[in-house]
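In: Make a model of this:
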Amino acid sequence: MIFKQPKNLYFIFTLELFERFSFYGLQTILMIYLVKKMSISETDAINVFSSFNAIMYGLVFVGGWIGNKIIGSKRTLELGLYILIIGYTIIFIKHNDIKWIYLGLSIISIGNCLFKPNPSIIVSDIYKKNKKYTPDSGFTIYYMAVNIGSLISIILIPLIAHKYSWNIAFLIPVIGLIGSLIIFKILKNKIKKYGSKIDFYPINKIYLFILLIMISIFSIINYLIIQNIDIANKIINIIITLTIIVFIKEIFFLEKLERRRMIVALILIIEAIIYFVLYNQMPTSLNFFAIKNITPKILGININPEQFQALNPFWIIIFSPILSYIYNKLGKKISITFKFAIGMILCSISFLILPWGIYLEYNKTGIVSPHWLIISYALQSIGELMISGLGLSMITQLVPDKLTGLAISSWFLTTSISSIISGKIANITSITKEMHINTLQSLDIYFYSFLKIGIYSCIISLIMLILSPILDYIIKDNN
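Out: Next up is the predicted model:
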């Protein structure tokens, strides 16, 4: 059966669902709020979002290390939830003051760094201790949690913001996180046998005290970084360098087969960076494209343009059980490297679809049919399931147990790296108030931008496809 997975998985599934509900709810309205209500330019809003995303995922490496070495995965996860609630609450209470929004985002980035890697580490441990279950199938179903939560919030929260108030819209994510914390408190015994080694020892109160002081200090530092994408870029470069050094050091001390598999895991992590650059166009360039140049209707129903982002989790939920079934049936007949390559090809096509649709429907109004965006999101969502949805499964299969935390943290670092790159790409399509352009001119900007993104990513995806059999040979046990 498609949904026959370890029961512990569904506890983490629900936990992630509520947390992602809050995150994507805030993400969906934040950029629009900054532009429409705080009178920030699209370029500045994109830079703020890119800096926030880069720091948030760049610090995940630290959260994984804290979970593995300092206080344990489950305790780090819980601490992360408390800090996330503080950050979201600040934005809810003080969203009329841009400085407080920046502070709220800085605290959220710290909370995310503590929370984000640790559910994945626990899920990885569940599958390593339950060998009869297929990791690809399980992680695909687990990935549904993220998208069920985001689908609900992307539809609900913009609607609340437009029909009622921004105040209520910012409150809903706070409620979602409180729900996630309550679920963890009530059901955490479900995962008492799983986690990092340190989870099974009493907490070191001195370490915890030092950790809380460091969290306070880094919240202030992040407050400054989020407002400056250049500083964020430099910080991420330092984190990347340190991560690569640690990765190479660990690879050097592994046995031959483990070393080869670790090298392939690193290559696939690098490949994923390209995917996440495309993925991060959803809340930036694709979002503003929908607002400016797409008819705001689906099946004849009027919607808020920001709600087009709900197409991504909608398609994920549709295709997750289908792909999970295929993975169960085919087992290891389709390699993880091949899935990554096919996923990237689909993502590149998803961007080529858009200029094609613009060309076919080009008219004096500058407004095109939503079905091109619907198709684009469908292709990108399948690609997402084959790359982002299987990233953690890939780590479970290729990385030794003792390095799982490092590898999972490195996987999330790809989102951080790509946030900087995607911010620069999204800025190509950004339209400032001073430009005073009409819908036809903005349509031309999106046409050429999406065409370039599609062509370059298509070339990269074909290289990935060519490399796939070579990487499969490298990780094969030839003894």
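In: so residue 208 makes contact with residue 71?
Out: Yes. The pair residue 208 and residue 71 passes the contact test of Cβ atoms under 8 Å, sitting 6.1 Å apart. Heads up, the C-betas are built off the backbone N, CA and C, glycines and all.
In: Please enumerate the strands of the stretch 301-450 of the chain.
Out: Using DSSP state E, counting those that start in this stretch, the strands found in the stretch 301-450 of the chain span residues 301-302.
In: so where's it uncertain?
Out: 331, 429-436 (pLDDT under 70).
In: now the helices for it?
Out: Using DSSP state H, counting those that start in this stretch, the helices assigned to the stretch 301-450 of the chain run over residues 311-330, 336-361, 371-387, 391-398, 404-429, 439-475.
In: Compare neighbour counts for residue 208 and residue 71 and give me the winner.
Out: Neighbour totals were compared for residue 208 and residue 71, and residue 71 leads with 23 against 14 (other Cβ atoms under 10 Å).
In: Skipping its backbone neighbours, what lies nearest the more buried one in space?
Out: For residue 71, ignoring the flanking residues on the chain, the nearest one in space by Cβ to Cβ, 6 or more residues apart in numbering is residue 203 at 5.6 Å.
In: Check the burial of that neighbour by counting its neighbours.
Out: Residue 203 has 13 neighbours, counted by other Cβ under 10 Å.
In: What separation do you get for residue 298 and residue 370?
Out: Distance of residue 298 to residue 370, given as Cβ to Cβ, to the nearest Å: 6 Å.
In: which of those two has more neighbours?
Out: In this view residue 298 and residue 370 are compared by other Cβ under 10 Å, and residue 370 has more residues nearby, 20 against 17.
In: List phi and psi for the more buried one.
Out: Phi and psi for residue 370, reported as degrees, to the nearest 10, are phi -70, psi -20.
In: Cross-check the contact I'm expecting between it and residue 293.
Out: No. Using Cβ under 8 Å, residue 370 is not in contact with residue 293; the gap is 10.3 Å.
In: where's stretch 338-346 relative to the chain centroid, distance-wise?
Out: Averaging C-alpha positions (Cα atoms, centre = their mean, to the nearest Å) puts stretch 338-346 18 Å from its chain's average.
In: Now tell me what touches it from outside.
Out: Stretch 338-346 is contacted from outside by 136, 268, 271-272, 274-275, 379-380, 382-387, 390, 394, 457-458, 460-462, 464-465, 467-468, 472, using Cβ atoms under 8 Å, 6 or more residues apart in numbering.
In: Just the buried ones from these?
Out: 136, 268, 271-272, 274-275, 379-380, 382-387, 390, 394, 457-458, 460-461, 464-465, 467-468 (16 or more other Cβ atoms under 10 Å).
In: sorry, back to before: pretty sure the residue nearest to residue 71 belongs to a strand, no?
Out: No. Secondary structure of residue 203 (DSSP: H, G, I helix; E, B strand; the rest coil): coil, not part of a strand.
In: show me the contacts for it.
Out: 71, 72, 75.
In: For the last one, give me its contacts.
Out: Think residue 75. Residue 75 is in contact with 67, 199, 203, counting by Cβ under 8 Å, 6+ apart.
In: Next, count neighbours for the residue nearest to the second one when sequence neighbours are not counted.
Out: Setting aside the residues directly before and after it, residue 199 is nearest to residue 72 in space (Cβ to Cβ, 6+ apart), at 3.6 Å. When neighbours are counted by other Cβ under 10 Å, residue 72 registers 22.
In: Okay, residue 72 and residue 79: tell me how far apart.
Out: Distance, residue 72 to residue 79, using Cβ to Cβ: 10 Å.
In: same thing with residue 456?
Out: Distance, residue 456 to residue 79, by Cβ to Cβ: 41 Å.
In: Those two: which has the busier surroundings?
Out: residue 79 (23 against 15).
In: Quick check: the more buried one touching residue 112?
Out: No. Judged on Cβ under 8 Å, residue 79 makes no contact with residue 112 at a distance of 11.9 Å.
In: Quick check: closest non-adjacent residue to residue 138.
Out: That would be residue 5: by Cβ to Cβ, 6+ apart, it lies 4.8 Å from residue 138.
In: who's in contact with that neighbour?
Out: 133, 137, 138, 141, 142.
In: need those residues in JSON lines with distance to residue 405 and pLDDT, can you?
Out: Putting the contacts of residue 5 into JSON lines (distance: Cβ to Cβ, whole Å; pLDDT from 0 to 100) gives the following:
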{"residue": "133", "distance to residue 405": "21", "pLDDT": "69"}
{"residue": "137", "distance to residue 405": "23", "pLDDT": "71"}
{"residue": "138", "distance to residue 405": "19", "pLDDT": "73"}
{"residue": "141", "distance to residue 405": "23", "pLDDT": "76"}
{"residue": "142", "distance to residue 405": "18", "pLDDT": "74"}
